[in-house]
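1. One predicted model, sequence on top.
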Amino acid sequence: MRDLESLMVHRAPMLLLDQLLEYGDDYAVSEVIVQPEMLFVEAEGLPCWVGIELMAQTVSVLAGMRGKFSGHPPQIGFLLGTRRFHAPMSHFPVGSRLRIRVEESFVDANRLGQYDCCIDSEVGRVEAKLNVYQPSDPHSLIKEHI
């Protein structure tokens, strides 16, 4: 298990992933077990729409692994949106083991990227395409628009 806090800027309670299972040049697989005390959990379990955040955090872990190998600390990225979100169920029950896989489709010169994502669980598969942006200097970008 990798120390996720060394790979991404998320911290508890917003750090939702438990561990990084595997990664490669253009993909990462993470895992989380749905716990009753997790942020966003309801009586029925974890709403499937939270899967978008799980996918985005897995993209962040992939970027963090790349940064680690090139000597850069974790950087802020922005989830711009999602397309083709498909969830055949409304919730992941408490106790579910979720396996999140993200695969980079492309990243352009401006650092806009698209990722094909899925979450596999005992109750089915959730799929989506995420659009993300990782600016070279996120702090100046945020400061300019405040």
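-> Cool, the structure landed.
2. check contacts around Gly95.
-> By Cβ atoms under 8 Å, 6 or more residues apart in numbering, Gly95 lies in contact with 33-34. (C-beta placed from N, C-alpha, C; glycine too.)
3. State the three-state secondary structure for it.
-> Judged by DSSP: H, G, I helix; E, B strand; the rest coil, the three-state class of Gly95 is coil.
4. what are the phi and psi angles of it?
-> The phi/psi pair for Gly95 (degrees, to the nearest 10) reads phi 90, psi -10.
5. And it, how close does it get to Ser121?
-> Computed as Cβ to Cβ, to the nearest Å, the Gly95 to Ser121 distance reads 10 Å.
6. Provide the secondary structure category for Arg101.
-> Arg101 falls in the strand class when you classify it by three-state DSSP.
7. Now do the same contact list for it.
-> In this structure, Arg101 makes contact with 27-29, 58, 117-120, judged by Cβ under 8 Å, 6+ apart.
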